[in-house]
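*Asks:* How does the following fold in three dimensions:
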Amino acid sequence: MSEQEVYRRGFTLLKGYSELSLASQILGIISLILIFPMLFAIFTQLGRESWSSLPEPGLRQHFMNFVWLLVVEVLLGLASIILSLIAIYGRLVPAGETLAKWRSTFSSSAKLMKYGYWGFLGLIILAIIIFVAGIAPHFGNLHGLISSSRSETNGMIISLVFTFLGAALVVIVASVAYLVGWIGEIMLLFELSTQTSLQGFRTAGILYLLAFLVSFVSLVPHLILVISFVAPALQIAALIIIRENAIKALKEASEAPATNAPPVSQ
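*Replies:* You can find the predicted model right below:
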């Protein structure tokens, strides 16, 4: 594969990553838009009337509203997760590896993304296995938990606590692995800006950093409703910029003479 073909493939994968991630983020925004008004309406109604005073048809309607909301949220969440996984593991990580073949300066960021993101996925799967394996043996005993002896109950509780702690520890390590992959992605964007002279990649990297910082502000209770939309909005803006600049890079390559290498800043 020639240098220009490697260049084209790398930016085509990067463009695909931005488009799939955009779809994933938009589904997440739709999920937020749906859940807040619906929950507000349900809890406002329940705040006016106690459960006992609600007539049976009204109680049933509230329950059905909650069930439908839960189903929609689960479907949107699953779709968003699937698109995000395809974007990262089917587009972004291969894009980093491909661009590393074009310029060795991308090798470090490509390795960080590869080991960080794949390590995250593997550890999350491990955490799920630990959780399921720890909970499964006790499913049959849950109905008899109250009638069981104190020693049996304590043993079950201790087992469940260790299961939760073990799974939580693995999730923490997985979060560190994800952070490593994310740092590699930021490095890739800044290096792309240097190598292609397209400053939009650097802007996208800065927006990613801002979204990361804003996510900490969202922990403030009174700001969670507003800030929960800000971080996704910043990420969407970054992804749009990545897509536009990937298209620009591909256009420059198509306009360059076939015998020449793709344009690189000096």
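*Asks:* Going along the chain, name the helices of the stretch 101-250 of the chain.
*Replies:* 107-135, 150-196, 200-217, 224-255 (DSSP state H, counting those that start in this stretch).
*Asks:* how much space between the most centrally placed residue in the chain and F216?
*Replies:* Nearest to the centroid of the C-alpha atoms of the chain, with distances taken as C-alpha atoms, centre = their mean, sits S84, at 6.1 Å. The gap separating S84 from F216 is 21 Å, by C-beta to C-beta, to the nearest Å. C-betas here are computed from N, CA, C, even on glycine.
*Asks:* can you list the weak-confidence ranges in the stretch 151-266 of the chain?
*Replies:* 151-153, 217-227, 256-266 (pLDDT under 70).
*Asks:* so what's the residue nearest to Q199 when sequence neighbours are not counted up against?
*Replies:* For Q199, ignoring the flanking residues on the chain, the nearest one in space by C-beta to C-beta, 6 or more residues apart in numbering is S193 at 5.7 Å. By C-beta atoms under 8 Å, 6 or more residues apart in numbering, the contact list for S193 reads Q199, G200, F201, R202, G205.
*Asks:* For stretch 177-184, what is the distance to the chain centroid?
*Replies:* Centroid displacement of stretch 177-184 relative to its chain, using C-alpha atoms, centre = their mean, to the nearest Å, is 12 Å.
*Asks:* Output that stretch in PDB, but only the C-alpha positions, please.
*Replies:* Only the C-alpha atoms of stretch 177-184 are listed here, as PDB (Å, rounded to 0.1, in the frame of the first residue of the first chain):
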ATOM      1  CA  ALA A 177      -7.300   2.200  31.100                       C
ATOM      2  CA  TYR A 178      -9.900   4.300  29.300                       C
ATOM      3  CA  LEU A 179      -8.200   7.500  30.500                       C
ATOM      4  CA  VAL A 180      -5.000   6.200  28.900                       C
ATOM      5  CA  GLY A 181      -6.800   5.600  25.600                       C
ATOM      6  CA  TRP A 182      -8.500   9.000  25.800                       C
ATOM      7  CA  ILE A 183      -5.100  10.700  26.300                       C
ATOM      8  CA  GLY A 184      -3.800   8.900  23.300                       C
END
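*Asks:* Next, the buried residues of it.
*Replies:* For stretch 177-184, burial by neighbour count (16 or more other C-beta atoms under 10 Å) applies to A177, Y178, V180, G181, W182, G184.
*Asks:* Equivalent analysis for stretch 228-237, please.
*Replies:* So stretch 228-237, judged by 16+ other C-beta under 10 Å, has buried residues S228, V230, A231, P232, L234, Q235, I236, A237.
*Asks:* didn't the first one look like it was pressed against L32?
*Replies:* Yes. If you go by C-beta atoms under 8 Å, S228 and L32 touch, sitting 6.1 Å apart.
*Asks:* Turn the helices of the stretch 101-250 of the chain into TSV, including distance to A100.
*Replies:* As requested, these are exported to TSV (distance: least, C-beta to C-beta, whole Å):
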stretch	distance to A100
helix 107-135	4
helix 150-196	9
helix 200-217	16
helix 224-255	16
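*Asks:* who touches stretch 97-105?
*Replies:* Outside stretch 97-105, the residues touching it (C-beta under 8 Å, 6+ apart) are 3, 6-7, 9-11, 13-14, 106-107, 110, 114, 188, 191-192, 195, 262, 264.
*Asks:* Likewise for stretch 6-14?
*Replies:* 1, 91-92, 94-95, 98-99, 101-102, 242, 246, 249-250, 253, 261-262.
*Asks:* L165 - how many residues pack around it?
*Replies:* L165 sits with 12 neighbouring residues when counted by other C-beta atoms under 10 Å.
*Asks:* coming back round to it: so which of the buried residues of stretch 228-237 is the closest to L78?
*Replies:* P232 (17.4 Å; C-beta to C-beta).
*Asks:* Hmm, the closest one is touching Q25, no?
*Replies:* Yes. At 5.4 Å, P232 counts as touching Q25 under the criterion of C-beta under 8 Å.
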